[in-house]
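> Just the structure for this:
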Amino acid sequence: MAVSSKEMKYKKEIVGIELETKNQCVGTLYEEEDRQAYRWTFKDIEHPNNFLPMAILLSSKYGKDCGGWALSFFTTEELATKRLENICSNKRHLHKKLGTHIAEGKIEKSDGLNGGYHPTNGHFSHYEYKETDFSKKFVVKTLVDK
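A predicted model of the protein is given here:
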């Protein structure tokens, strides 16, 4: 985790996984960058689940995985919508944990590290720094049909 001198929001959990697996979670391919991003949220941008990593939202499945402590973002609103619809299509109530809307905002270099870009579904991971508050940087845009 020597990528930045800034402290990660979930440093304790990430370091624990790194020690257990002997692998570095946030590699050199992750970088600070300014970019537009889209995320699943609830209608109220202040909803407590909006900017929590999957390791907290769905702990049993993601808690021991490096990526579980990163926030999931998407490169376009369309791709974020498509992925949420796909994930929730066979899990009727999952949207109650993940979100019902798509929010748009700008991630800045001072917010954390981005990486793990998926070429087809537009997903990328963001390891946020301790003082980041995305509820002040994102605006809810679109309701996703479930």
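
> contacting residues for residue 68?
By Cβ atoms under 8 Å, 6 or more residues apart in numbering, the contact list for residue 68 reads 53-55, 61-62. (Glycine included, C-beta is placed from N, CA and C.)

> how about those, which pair is most distant?
Across the contacts of residue 68, no pair lies farther apart than 53 and 61, at 11.8 Å, counting by Cβ to Cβ.

> quick one: low-confidence parts of the chain?
Residues of the chain meeting the criterion pLDDT under 70: 1-5, 60, 146.

> most remote residue from it's center?
residue 22 (23.2 Å; Cα atoms, centre = their mean).

> where along this protein do the strands fall?
Taking DSSP state E to define them, one finds strands in the chain at 35-41, 71-74, 101-107, 112-115, 123-128, 138-143.

> in the third one, what counts as buried?
It stands for strand 101-107. Neighbour counts over strand 101-107 (16 or more other Cβ atoms under 10 Å) mark 101-105, 107 as buried.

> How about the last one?
Taking 16+ other Cβ under 10 Å as the neighbour-count basis, strand 138-143 is seen to contain the buried residues 138, 140.
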